[in-house]
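Student: build me a model:
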Amino acid sequence: AARADEQRTAEAARTKAIEEVRAERDRAVAAARADEQRKVEAARVKAIQDGEAGWAAWRKANEMAQAAQDRAVAAARAEEQRKTEAARVAAAEAARVKAIEEGRAAQDRAVAAARAEEQQKTEAARVKA
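Tutor: Residues are numbered from 1 along each chain as shown. Model prediction:
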């Protein structure tokens, strides 16, 4: 039961970390989109003022904005992947440490039981003699 509780706790922590990473990525993407939208709009206004030469400049600015947005999304995804992997590694390490601790505790109980049994045998032999 304790192990299942530990596992649920580790899973909940991992899920929360993933949700936080996703929310952070979504905020970064939204901010990048808003920033790029402002740049595109400013470029569009300038393009209208500058005529045909401005239209080409607007297209170029739009392409640059799209490229910047793509880079922001890719960076956010990479960061999410890194954090998810870090959370997975941390959960695995916690499980490993828990297993080691449980193994040591079981070993300590076995040694104590063996000592108690040896003590009983010694006491029984002493009483018999």
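Student: check which residues of stretch 51-69 are buried.
Tutor: 54, 58, 61, 62, 65, 69 (16 or more other CB atoms under 10 Å). Using the backbone N, CA and C atoms, a C-beta is placed for each residue, glycine as well.
Student: got a markdown table for those, with secondary structure, distance to residue 92 and pLDDT too?
Tutor: Shown next, in a markdown table, are these (DSSP: H, G, I helix; E, B strand; the rest coil; distance: CB to CB, whole Å; pLDDT from 0 to 100):
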| residue | secondary structure | distance to residue 92 | pLDDT |
| --- | --- | --- | --- |
| 54 | helix | 56 | 66 |
| 58 | helix | 51 | 78 |
| 61 | helix | 46 | 89 |
| 62 | helix | 45 | 93 |
| 65 | helix | 41 | 90 |
| 69 | helix | 35 | 91 |
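Student: which one of those sits closest to residue 24?
Tutor: residue 69 (16.8 Å; CB to CB).
Student: doesn't residue 36 make contact with that closest one?
Tutor: Yes - using CB atoms under 8 Å, residue 69 is in contact with residue 36, at 5.0 Å.
Student: pLDDT wise, what is the residue nearest the centre of the chain at?
Tutor: Among the residues of the chain, residue 84 comes closest to the average C-alpha position under CA atoms, centre = their mean, at 3.0 Å. Looking at residue 84, its pLDDT is 91.
Student: residues in contact with it?
Tutor: Listed by CB atoms under 8 Å, 6 or more residues apart in numbering, the contact partners of residue 84 are 17, 18, 21.
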